[in-house]
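Colleague: Provided below for reference: sequence and predicted model.
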Amino acid sequence: MKDSLQRRDFYEDEIDLYELFMVLKKRKLYFLVFTLTFLIGGVLYCVFSPDIYRSSALVALPSVELHGGESKEIVDFSTTKSIVDLVNGMLEKGEYVKLSEELELPVETVRSLNSIEVTSAQRRGGKRVFVMKIDGRDKAVLPDILNSLIGYLNTNPFISRQIEGQRRILKLQLKELSRELPELEKEASLIKGRILSSQVKVVGFDPTSIDKNIIELREKKLNLEYTLSAGIHGYEVIYSAVTGRPVKPNRTLVLAVSLITGIFTGIFAAFFAEWLENARRRFSGAQQQ
């Protein structure tokens, strides 16, 4: 008796796939309507959404070259991102005329721009670099937009002050070194002359140490002169490329998601309609009793 009751409870709890299939067959209109609605919506989105292309560039932060091939960044990545966010803000607000003046680009070129993104600050070849991604509807003008953005960053008042400030510091160091070096060379020449003329051996004094200091100062001066002439860099594009195919929209993914969403929504609607009808029947029967 007990085994019989357990088997009956098991069968009552078991999901009847045939019954579920019959519900879907009965409510197939719900299933078809929702599936087709979502699928048609996905097709319309794919048809009317413009193709978006992408220009990806590896850009070096403003830096000053140091001895040994290393470099020190003048502007950090967070500052760069803040400036790019301002450009994106103007783009989102539709301030195309203002942005075209800032970037020195035609208004139509700015209108084709979709978004700008900067990510992944890291070191490469001794320099701190980041990735800049520019999305737009016209891939032919993406290189021009990239060049204009780099020029905009380099002419930003804050960035210009930072670069010029670093240049002034190096000029002061070079000026001080240019004053000290002749004095040290003159002093070294006098000391050597006195030692040689008196033929006196000075205990604990090595004349070559003065020559070593002079050589080191001359090398430091040459490094400073090089840095001032070619070692201070603003934003530089190391590498850039434009995608041959659109990156957005992913039409295959959109259609797949639309179809799957429509199927599951249609199934849910069919079972919900069946449940609602059964609930009404039970409620009507209860009232009649």
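Modeller: Structure's in. What do you need?

Colleague: what segments of the stretch 101-250 of the chain are strands?
Modeller: Secondary structure of the stretch 101-250 of the chain (DSSP state E, counting those that start in this stretch): strands located at 113-124, 127-136, 232-233, 236-242.

Colleague: which one of the ones you listed is the most hemmed in?
Modeller: strand 127-136 (a mean of 20; mean count of other C-beta atoms under 10 Å). To be clear about C-beta, it is placed using only N, CA and C from the backbone, and glycine gets the same treatment.

Colleague: so that strand versus strand 113-124, what angle?
Modeller: 160 degrees (axes from the mean of the first three to the mean of the last three C-alpha atoms, to 10 degrees).

Colleague: and the strands of the stretch 101-250 of the chain, which one averages the lowest pLDDT?
Modeller: Ranked by mean pLDDT, the strands of the stretch 101-250 of the chain bottom out at strand 232-233, which scores a mean of 80.

Colleague: what's it in contact with?
Modeller: 60, 62-65, 71, 74, 163, 166-167, 170 (C-beta atoms under 8 Å, 6 or more residues apart in numbering).

Colleague: 7 Å instead, please
Modeller: Contacts with strand 232-233, where a contact means C-beta atoms under 7 Å, 6 or more residues apart in numbering, come from 60, 62-64, 163, 166-167.

Colleague: then stretch 32-46?
Modeller: Contacts of stretch 32-46 (C-beta under 7 Å, 6+ apart): 249, 251, 254-255, 258-259, 261-263, 265-266, 269.

Colleague: which parts of that stretch are buried?
Modeller: 34-35, 38-39, 42 (16 or more other C-beta atoms under 10 Å).

Colleague: can you name the two of these that are farthest apart?
Modeller: Using C-beta to C-beta, the buried residues of stretch 32-46 reach their maximum pairwise distance at 34 and 42, which is 12.8 Å.

Colleague: make a markdown table out of the contacts of strand 232-233 and add distance to residue 111.
Modeller: Below are these laid out as a markdown table (distance: C-beta to C-beta, whole Å):
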| residue | distance to residue 111 |
| --- | --- |
| 60 | 29 |
| 62 | 30 |
| 63 | 34 |
| 64 | 38 |
| 163 | 32 |
| 166 | 37 |
| 167 | 38 |
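
Colleague: buried members of those into PyMOL, please.
Modeller: The following PyMOL line selects those of those that are buried, judged by 16+ other C-beta under 10 Å:
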select buried, resi 60+62+63+64+163+166
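
Colleague: okay, and which of the contacts of strand 232-233 map to helices?
Modeller: 163, 166-167 (DSSP state H).

Colleague: the strands of the stretch 101-250 of the chain: which one's closest to residue 213?
Modeller: strand 232-233 (27.0 Å).

Colleague: among the buried residues of stretch 32-46, which one sits closest to residue 23?
Modeller: residue 34 (14.9 Å).

Colleague: now do the same for the closest one: helix, strand or coil?
Modeller: helix (DSSP: H, G, I helix; E, B strand; the rest coil).
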